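Asks: Sequence and predicted model, in that order:
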Amino acid sequence: MRALLMAMVLMAGVLVTDVVVAPPARAATVVCFLACDTLDPSRAGQETFPVPERNINGRRLVLHVSDVDGMVWGSIDNGLTGDSVWLDRSWDGGRTWEGLLGKATIPATWTGTRTLMYNISDPRNHRRGVIRACGDANAVTCTEWVYPTVCDVHCDRTDASQATGDVQPVPPTSLSGRVIRLHVDQNAMAWASIEAGAPGDEIWLDRSWNAGATWPDGSSLGRTSVTGNAARTTMFATRDPRAGLYGGAVRACGRAVTGQNGSCTAWARPAPTRAGAAADALMYSYDPYHGWWPSSWWNSAATLTALIDQGGYDWVIARTFDQNKGTFAAGERSTDAIEGDFVSRAIDDSAWWGLAWIAAYDRTRESRYLTMATRIAGYVHQYWDTGTCGGGVWWDRERTYKNAVTAGLYLKLAASVHNRTPGDTVWLQRTRTAANWYLGSGMINAAGLVNDGLTRDCRNNGQTVWTYNQGLAIGGMVEAWRATGDTTFLDAARRLADAGIGGLTRDGVLTESCDIGTAACDDNQKQFKGVFSRYLADLARVTGTAAYTDFARAQADSIWSRDRDALNRLGQRWAGGSPNQLDWRTQASALGALTAAP
């Protein structure tokens, strides 16, 4: 690349040519979003031209964009042998860049060429990029950068008078008597203000896509000087769906004219709605290239289900399905090999994915999801065995244990398949059999709570009552009632719900046994309470029981007020307190409770 770059810039509405010294080009790292860098343009799902083409001594320099792929490529036409085209990609808004990406030179007898495709942004690593095409034909020229402005409901630099609401998510900060505030609205737009200031003071926003760790492309946004004693910035978006970036963090910063000292508020993510904010924070941990939440297999299925219930991320449903329906060696997705169609030796893991695709079908009405759920249900049914305990599904392929989680999953899945398959009789009969077996199995103890499973001689093993076993029993019985019309099953769901509300709570808040004292929950247990919340909400919908809706509302209120930080991250202990665990599993579990609340 030449040391001197001839850049075409738009200044005051006039196109002029400026000569600038190019910053050092950074070594490019391979970025993978929906595809990895260097994909051939023939595989693009779309072709648009969002920035004007450039003329270089009669040659056409064009930037091509496929938003459905999140990728771009450049081309040069009407050229001569030796002319070249490449891409520059910047992660700091265009101050520095990775240069010469995909550089291609026109060969003899040709009049044009193009680069390969490169990703604009890098959501896996929480980076937002901009890209331009550059060419050399006895002069170097570049197009404008593509997408320097973030757009969601509104675009960056929208006047704050257009805000819908005004919430201050973190306390203001003070600076030499000035008050600096961070504001957000119901559309996740953010702005900053300064009060009690002096002429020459400055106010601005910082925006970060990695939870406030860095903000290379979002420093000093909307920087505004005070002319009286107060000022505010314009608004900036904190979600960029086109780039696969959600839940951007912002802070308000200011500088006093009397010195160089500055001050900033804490970082915060906007929360237009409780469940929406929780879902955006959950998306921070999603790997869009591999299409899951690393590194837990069944948890990813339950997490996808919670996200589907919230709505608004249909591309994640399709991406997760397409990237994971194949085979994976042991250690890639699970300690077990995944054998295709989401099944493995772990029968319960397979069934979790079956329920995820039922939820996906309900959301999208795409038949492929119901087909997959039915296929998984058929696989799980292979492990229904009347030779031990008179029925029930084995927990694993080795047939070592009959337990509550697998029984509840099978019942819910079998009834769900029947209820979505016109003319079915096979799954209807299986639903009746599974529901009656569950009620007579002995896993439900005298208090109406579901112990973990059965002994080898088919007695209740007295092991821990986990909230997700209670929840799956409720959900399975409700679905069985839908399938059969038999009120015995709906009555059973009520009894299970009442027992759970009475026996699995502390001070009205759902509490796992590993939430107490200094105990810690493992990665499986972190997600249990969200399952209970999901299926209790289903029971509340069909019965209209105020006690159930009141309970759901109380869980959401407690989570939001006692178990959330300024970045809308939600922990394991819904009543708050410490030690508290926090990761994407606890986030998904709490999202289930927020979505369940009326």
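Replies: Yes, it's here.
Asks: So for the chain, which residue is the most central one in space?
Replies: Taking Cα atoms, centre = their mean, the centroid of the chain lies closest to M283, which sits 2.0 Å from it.
Asks: Which parts of the stretch 1-150 of the chain are helices?
Replies: For the stretch 1-150 of the chain, applying DSSP state H, counting those that start in this stretch gives no helices.
Asks: All the strands of the stretch 201-350 of the chain, in order from the start?
Replies: 202-208, 221-225, 231-232, 236-237, 249-255, 262-264, 327-328, 338-339 (DSSP state E, counting those that start in this stretch).
Asks: Next, format these as JSON lines and append mean pLDDT and mean neighbour count.
Replies: To be clear about C-beta, it is placed using only N, CA and C from the backbone, and glycine gets the same treatment. Shown next, in JSON lines, are these (pLDDT from 0 to 100; neighbours: other Cβ atoms under 10 Å):
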{"stretch": "strand 202-208", "mean pLDDT": "98", "mean neighbour count": "23"}
{"stretch": "strand 221-225", "mean pLDDT": "98", "mean neighbour count": "18"}
{"stretch": "strand 231-232", "mean pLDDT": "98", "mean neighbour count": "20"}
{"stretch": "strand 236-237", "mean pLDDT": "98", "mean neighbour count": "26"}
{"stretch": "strand 249-255", "mean pLDDT": "97", "mean neighbour count": "26"}
{"stretch": "strand 262-264", "mean pLDDT": "96", "mean neighbour count": "16"}
{"stretch": "strand 327-328", "mean pLDDT": "98", "mean neighbour count": "14"}
{"stretch": "strand 338-339", "mean pLDDT": "98", "mean neighbour count": "19"}
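Asks: looking at those strands, which is closest to R585?
Replies: When the strands of the stretch 201-350 of the chain are ranked by distance to R585, counting by Cβ to Cβ, first place goes to strand 338-339 at 19.2 Å.
Asks: Remind me what that closest one packs against, helices and strands.
Replies: Here strand 338-339 touches strand 327-328, going by 3 or more Cβ pairs under 8 Å, 6 or more residues apart in numbering; DSSP states H and E.
Asks: List the strands paired with the strand it packs on, with their directions.
Replies: With DSSP bridges as the test, strand 327-328 is paired with strand 338-339 (antiparallel).
Asks: quick one: contacts of the strand it pairs with?
Replies: When contacts are defined by Cβ atoms under 8 Å, 6 or more residues apart in numbering, strand 338-339 is touched by residues W297, N324, G326, T327, F328, E332, S344.
Asks: ok, 7 Å please
Replies: Strand 338-339 is touched from outside by T327, F328, S344, with contacts defined as Cβ atoms under 7 Å, 6 or more residues apart in numbering.
Asks: And those, which is closest to H183?
Replies: Nearest to H183, judged by Cβ to Cβ, of the contacts of strand 338-339 is F328 at 45.8 Å.
Asks: what are the bridge partners for the closest one, then?
Replies: With DSSP bridges as the rule, F328 is bridged to I338.
Asks: Need the three-state assignment for V417.
Replies: Put simply, V417 is helix when judged by DSSP: H, G, I helix; E, B strand; the rest coil.
Asks: all helices of the stretch 351-500 of the chain, in order?
Replies: Using DSSP H, counting those that start in this stretch, the helices of the stretch 351-500 of the chain run over 367-381, 404-419, 426-440, 467-484, 487-503.
Asks: and the first one, what does it pack onto?
Replies: Helix 367-381 is packed against helix 347-364, helix 404-419, with contacts defined by 3 or more Cβ pairs under 7 Å, 6 or more residues apart in numbering; DSSP states H and E.
Asks: what do you get for the fourth one?
Replies: Identification of packing neighbours for helix 467-484 by 3+ Cβ pairs under 7 Å, 6+ apart yields helix 404-419, helix 426-440, helix 487-503, helix 528-543.
Asks: With A268 as the reference, name the closest of those.
Replies: Among the helices and strands packed on helix 467-484, helix 528-543 comes nearest to A268, with 24.1 Å by Cβ to Cβ.
Asks: Buried residues, that closest one. List them.
Replies: For helix 528-543, burial by neighbour count (16 or more other Cβ atoms under 10 Å) applies to 528-540, 543.
Asks: Just name the most buried of the helices and strands packed on helix 367-381.
Replies: Comparing the helices and strands packed on helix 367-381 by mean neighbour count (mean count of other Cβ atoms under 10 Å), helix 404-419 comes out on top with a mean of 27.
Asks: tilt between that one and helix 528-543?
Replies: Counting by axes from the mean of the first three to the mean of the last three Cα atoms, to 10 degrees, helix 404-419 points 40 degrees away from the direction of helix 528-543.
Asks: Outside of helix 404-419 itself, list whatever touches it.
Replies: Contacts for helix 404-419 (Cβ under 7 Å, 6+ apart): 347-348, 351-352, 354-355, 358, 373-374, 377, 380, 392-393, 395, 424, 427-428, 430-431, 434-435, 438, 441, 443, 450-453, 468-469, 472-473, 475-476, 479-480, 482-483.
Asks: what about that helix, average pLDDT?
Replies: Averaging pLDDT along helix 404-419 yields 98.
Asks: And stretch 527-535, by the same measure?
Replies: 98.
Asks: could I get it in CSV with only the CA atoms?
Replies: This file holds the C-alpha atoms of stretch 527-535, laid out as CSV (Å, rounded to 0.1, in the frame of the first residue of the first chain):
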residue,chain,number,x,y,z
GLN,A,527,-30.8,-23.2,34.6
PHE,A,528,-33.4,-25.2,36.6
LYS,A,529,-35.6,-22.4,38.0
GLY,A,530,-36.3,-20.9,34.5
VAL,A,531,-37.8,-24.2,33.5
PHE,A,532,-40.2,-24.2,36.4
SER,A,533,-41.1,-20.6,35.6
ARG,A,534,-41.9,-21.4,32.0
TYR,A,535,-44.3,-24.2,32.7
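Asks: residues touching the residue nearest to A279 when sequence neighbours are not counted, list them.
Replies: Sequence neighbours aside, Q310 is the residue nearest to A279 in space, at 4.6 Å (criterion: Cβ to Cβ, 6 or more residues apart in numbering). Contact partners of Q310, counting by Cβ under 7 Å, 6+ apart, are A275, G276, A279, L591, T595.
Asks: could I get the helices and strands packed on helix 367-381 as JSON lines with distance to I106?
Replies: Supplementary listing: the helices and strands packed on helix 367-381 in JSON lines, determined by distance: least, Cβ to Cβ, whole Å:
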{"stretch": "helix 347-364", "distance to I106": "45"}
{"stretch": "helix 404-419", "distance to I106": "58"}
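Asks: Which one of those lies nearest to R564?
Replies: Between R564 and the helices and strands packed on helix 367-381, the shortest gap by Cβ to Cβ is with helix 347-364, which sits at 24.8 Å.
Asks: which residues are contacting the closest one?
Replies: Contacts for helix 347-364 (Cβ under 7 Å, 6+ apart): 297-298, 301-302, 304-305, 308-309, 314, 317, 334, 342-344, 369-370, 372-373, 376-377, 379-380, 383, 393-397, 405-406, 409-410, 412-413, 416, 420.
Asks: Please report how far H418 lies from R482.
Replies: From H418 across to R482, the span is 9 Å (Cβ to Cβ, to the nearest Å).
Asks: Same check on Q323?
Replies: 32 Å.
Asks: what's the answer for A213, then?
Replies: In terms of Cβ to Cβ, A213 sits 47 Å off from R482.
Asks: Settle it for me: which of these two has more neighbours?
Replies: R482 (17 against 10; other Cβ atoms under 10 Å).
Asks: Quick check: closest non-adjacent residue to the more buried one.
Replies: Closest residue in space to R482, ignoring its immediate chain neighbours: N419 at 5.4 Å, by Cβ to Cβ, 6+ apart.
Asks: now do S344
Replies: Nearest to S344 is D336, by Cβ to Cβ, 6+ apart, at 4.3 Å.
Asks: Could you tell me which residues make contact with the one you found?
Replies: Residues counted as contacts of D336 (Cβ under 7 Å, 6+ apart) are A330, S344, R345, A346.
Asks: quick one, phi psi at the first one?
Replies: Reported as degrees, to the nearest 10, the phi and psi values for A330 are phi -50, psi 130.
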